[in-house]
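Enquirer: Build me a model from this:
(chains A and B)
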2 protein chains.
Amino acid sequence: MSAPATVRKTSSDKSPAETLWDLAREDMAAVDALILERMQSPVGLIPNLAQHLVGAGGKRLRPLLTVSTAAMLGYKGTSHHKLAAAVEFIHSATLLHDDVVDESNLRRGKKPANLIWGNSASILVGDFLFARAFNLMVETDSMEALGILSNASSVIAEGEVHQLAALRNLKMTEADYMSVIKAKTAALFAAATEVAPVISERPDKERAALRDYGLKIGLAFQLVDDALDYGGLESALGKSVGDDFREGKMTLPVIRALKTASDEERAFWRRVIVDQDQKPVDLETAVSYLRSAGALQSTMEMAKQFSAEARDALMVFAPSPWRETLADLADYVVERIS
Amino acid sequence: MSAPATVRKTSSDKSPAETLWDLAREDMAAVDALILERMQSPVGLIPNLAQHLVGAGGKRLRPLLTVSTAAMLGYKGTSHHKLAAAVEFIHSATLLHDDVVDESNLRRGKKPANLIWGNSASILVGDFLFARAFNLMVETDSMEALGILSNASSVIAEGEVHQLAALRNLKMTEADYMSVIKAKTAALFAAATEVAPVISERPDKERAALRDYGLKIGLAFQLVDDALDYGGLESALGKSVGDDFREGKMTLPVIRALKTASDEERAFWRRVIVDQDQKPVDLETAVSYLRSAGALQSTMEMAKQFSAEARDALMVFAPSPWRETLADLADYVVERIS
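Expert: I've put the predicted structure just below:
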């Protein structure tokens, strides 16, 4: 007997990311092979460390976006594989450097490379991967794609320095915050999707649409990340929360909560963020303040708004399974719970 | 009354580097202006930190080589300024990262940036300068020059990781050492001079000659640096010596001295380099071992050999003030005392 029609498939359903992976399986296998090939070096420490971070898979969301948008446009060459691998190398290089900068204890659920091989190795292998990204881009012979990704790279670094300079500063504004996440996160998503119409030689309108799609996905992605760091909308505090809090990183939830904070709450934020004087119970208090101010809710709502705009940006393209899955991915970025 | 003819001018004489600076004054002013312009950012920490390292001048040996070799070839465009600034940015980025990796206490006679602004700022501003180097290269629209410099960048990082992995390892061979200095130092000199014939659209023979010139200058430069870190051939130990010794860096003088070391000397090197168990008097002992083994002498001789080869490489070009000064610069790199 078949199940009642009202029973909806849930956990067995594929996420849009998984559907996109299925559609792009061959392309992503080519990207994986390139990544593995280009992280090799006779200096054994390089592939060992790179394997830990890059070789182990992961979501590969950014390169997936590059090959999927290229596929949607009917691109027939192989430059999209090289650019996708380059995008993942740039992302990996920033992760390796972020680990040293943030002193984080977990990266993709694993011990970060710098805690295994040391800060120096993480810095230098990050530099290596970054340079290898440019080697790959040169091979595509597309100066326009190179310009987009090299520009994104300097914008990312600028955003990271901006974030560093704003650490533990309660005066950080919402505009500052948006500027930081646009630079440190959304710029690479935007570049990852903009290069597809460039190598496919599509009109400016499509290039602008895909740049916008990537940018909005990136903004939504970071907003969700920043809400999840305080447990998101769920009530229980998981294991991987509180990193931003401990580092004194000024993210939108805190900026929003500060706007309506009482004197007592403001004193609390000053102590934990500015003075970095934190007790084990403080994270729970912080979350309760964020919730009562509706700050996590409003952060997620802003993410949903960007996600909807990302979906809209795709509507200049003809309907196709690629377009639909890329549109669904915009929702998924907001709905993911980790 | 005039001075006797036998009195030779000494300290008032210009070094070949100064003569080259005079010849290239206008080009170097353009490079300086570009460097200053492209290290700007609304994120104030970036220009502040960059100014400390890049803005303050310095020898600018690498960009000087780029504009001088281009001038020798009669290059008429402006791409050599952009490539020269890019070369200096790549060099500065590696210095910022090296400061964090080496934990050095002095850089160009000043306190290193990481001891003023912190390791995180040095890592991220290094990334920014590195990305800005690629922005500049993209503007030249020369994919060939971009390929040369992006390849040099990954080779540099590879050399830095190799050096890190070989730290405190008495088994490091002379071949390992040559491979490290060729990558970490000579590759950028070679790229700095190779891009000139490329943008000048000169035949392969001239490209190979200038690449060779830069490579040999770079090898000579690093060999001298490594001898100077133990005081060079002078008897007195200056203030800026002993960095390599303290870090346990295996440079040619130590590798050469180990070849003929007695059991007692070998035990000494094991204690100070492998075990990093160093007393204040040990540097002096190290220098005496290096001297009695003739290791500083033979390191300087090898530098002189590369310097002569650099000079020879230029002989495919017609005589000109540029060629003569570039040839003299090869000697100067070895004769400099700091």
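Enquirer: so what pLDDT did residue A:11 get?
Expert: Predicted confidence (pLDDT) for residue A:11: 45.
Enquirer: Flag the shaky bits of chain A, pLDDT-wise.
Expert: Applying pLDDT under 70 to chain A flags the ranges A:1-12, A:55-57, A:104-109, A:235-239, A:337-338.
Enquirer: quick one, helices of the stretch 51-200 of chain A?
Expert: Applying DSSP state H, counting those that start in this stretch to the stretch 51-200 of chain A gives helices spanning A:61-72, A:79-102, A:113-117, A:119-140, A:143-165, A:174-181, A:187-199.
Enquirer: okay, stretch A:259-268 in CSV with CA atoms only?
Expert: This file holds the C-alpha atoms of stretch A:259-268, laid out as CSV (Å, rounded to 0.1, in the frame of the first residue of the first chain):
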residue,chain,number,x,y,z
LYS,A,259,19.8,50.1,19.4
THR,A,260,17.1,49.4,22.0
ALA,A,261,19.4,48.3,24.9
SER,A,262,18.7,49.5,28.4
ASP,A,263,21.5,51.0,30.5
GLU,A,264,22.0,47.7,32.2
GLU,A,265,22.1,45.8,28.9
ARG,A,266,24.6,48.4,27.5
ALA,A,267,26.8,47.9,30.5
PHE,A,268,26.7,44.2,29.8
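Enquirer: for that stretch, which positions count as buried?
Expert: Under the neighbour-count criterion of 16 or more other CB atoms under 10 Å in any protein chain shown, stretch A:259-268 has A:261, A:265, A:268 buried. Yep, even glycine has a C-beta here, placed from its N, CA and C like the rest.
Enquirer: got JSON lines for the helices of the stretch 51-200 of chain A, with mean neighbour count and distance to chain B too?
Expert: What follows is the helices of the stretch 51-200 of chain A, written out as JSON lines (neighbours: other CB atoms under 10 Å in any protein chain shown; distance: least, CB to the nearest CB, whole Å):
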{"stretch": "helix A:61-72", "mean neighbour count": "26", "distance to chain B": "17"}
{"stretch": "helix A:79-102", "mean neighbour count": "26", "distance to chain B": "4"}
{"stretch": "helix A:113-117", "mean neighbour count": "20", "distance to chain B": "9"}
{"stretch": "helix A:119-140", "mean neighbour count": "26", "distance to chain B": "4"}
{"stretch": "helix A:143-165", "mean neighbour count": "23", "distance to chain B": "4"}
{"stretch": "helix A:174-181", "mean neighbour count": "18", "distance to chain B": "9"}
{"stretch": "helix A:187-199", "mean neighbour count": "27", "distance to chain B": "11"}
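Enquirer: Please tabulate these in a markdown table, including the columns distance to residue B:284.
Expert: A markdown table is the format used below for the helices of the stretch 51-200 of chain A (distance: least, CB to CB, whole Å):
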| stretch | distance to residue B:284 |
| --- | --- |
| helix A:61-72 | 54 |
| helix A:79-102 | 36 |
| helix A:113-117 | 34 |
| helix A:119-140 | 28 |
| helix A:143-165 | 42 |
| helix A:174-181 | 51 |
| helix A:187-199 | 52 |
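Enquirer: For chain B, what's the nearest residue on the stretch 201-338 of chain A?
Expert: Per CB to the nearest CB, the residue of the stretch 201-338 of chain A with the smallest distance to chain B is residue A:247, at 10.7 Å.
Enquirer: quick one on the thing from earlier: what's the closest of the buried residues of stretch A:259-268 to residue B:333?
Expert: Checking the buried residues of stretch A:259-268 against residue B:333 with CB to CB, the nearest one is residue A:268 at 60.1 Å.
Enquirer: Verify the contact between that closest one and residue A:288 for me.
Expert: No - using CB atoms under 8 Å as the test, residue A:268 is too far from residue A:288 to be in contact (10.4 Å).
Enquirer: Return the residues in contact with residue A:147.
Expert: By CB atoms under 8 Å, 6 or more residues apart in numbering or on different chains, residue A:147 lies in contact with B:135, B:138.
Enquirer: mind redoing it with 6 Å?
Expert: With contacts defined as CB atoms under 6 Å, 6 or more residues apart in numbering or on different chains, residue A:147 is in contact with residue B:138.
Enquirer: got it, and residue A:54?
Expert: A:35, A:39, A:92.
Enquirer: Provide the secondary structure category for the first one.
Expert: With DSSP: H, G, I helix; E, B strand; the rest coil as the basis, residue A:35 sits in helix.
Enquirer: you'd agree it is up against residue A:85?
Expert: Yes - in this structure, residue A:35 is within contact of residue A:85 by CB atoms under 6 Å, at 5.0 Å.
Enquirer: Share the number of residues neighbouring the residue of the stretch 201-338 of chain A closest to chain B, please.
Expert: 18 (other CB atoms under 10 Å in any protein chain shown).
Enquirer: gap between it and residue A:49?
Expert: To residue A:49, residue A:247 is 23 Å away according to CB to CB, to the nearest Å.
Enquirer: ditto for residue A:202
Expert: Using CB to CB, one gets 38 Å for the distance from residue A:202 to residue A:49.
Enquirer: next one: residue A:286
Expert: Separation of residue A:286 from residue A:49 (CB to CB): 34 Å.
Enquirer: out of those two, which sits in the busier spot?
Expert: Neighbour tally, residue A:286 and residue A:49, criterion other CB under 10 Å: the higher count belongs to residue A:49, 26 against 22.
Enquirer: then the host helix or strand of the more buried one to PDB, C-alphas only?
Expert: According to DSSP states H and E, residue A:49 maps onto helix A:45-50. Extracted in PDB, the C-alpha atoms of helix A:45-50 (Å, rounded to 0.1, in the frame of the first residue of the first chain):
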ATOM      1  CA  LEU A  45      53.800  20.100   3.900                       C
ATOM      2  CA  ILE A  46      51.800  21.900   1.200                       C
ATOM      3  CA  PRO A  47      49.700  19.000   0.000                       C
ATOM      4  CA  ASN A  48      49.400  17.700   3.600                       C
ATOM      5  CA  LEU A  49      48.000  20.900   4.900                       C
ATOM      6  CA  ALA A  50      45.900  21.700   1.800                       C
END
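Enquirer: ok, and what's touching it?
Expert: Residues from elsewhere that reach helix A:45-50 (CB under 6 Å, 6+ apart): A:39-40, A:113, A:117, A:121, A:125, A:128, B:161, B:165.
Enquirer: how about a cut-off of 10 Å?
Expert: For helix A:45-50, contacts defined as CB atoms under 10 Å, 6 or more residues apart in numbering or on different chains pick out A:35-36, A:38-41, A:54-56, A:89, A:92-93, A:96, A:113-114, A:116-118, A:121-122, A:124-126, A:128-129, A:132, B:154, B:157-158, B:161-162, B:164-165.
Enquirer: Can you give me the distance of the closest residue to residue A:178 other than its chain neighbours to residue A:312?
Expert: With CB to CB, 6 or more residues apart in numbering or on different chains as the criterion, residue A:178 has its nearest non-adjacent residue at 7.9 Å, and that residue is residue A:219. Distance, residue A:219 to residue A:312, using CB to CB: 14 Å.
Enquirer: of those two, who's got more company?
Expert: Neighbour tally, residue A:219 and residue A:312, criterion other CB under 10 Å: the higher count belongs to residue A:219, 25 against 15.
Enquirer: Give the helix, strand or coil label for the more buried one.
Expert: Here residue A:219 is helix, with the state taken from three-state DSSP.
Enquirer: and residue A:243, how many neighbours does it have?
Expert: By other CB under 10 Å, the residues close to residue A:243 number 15.
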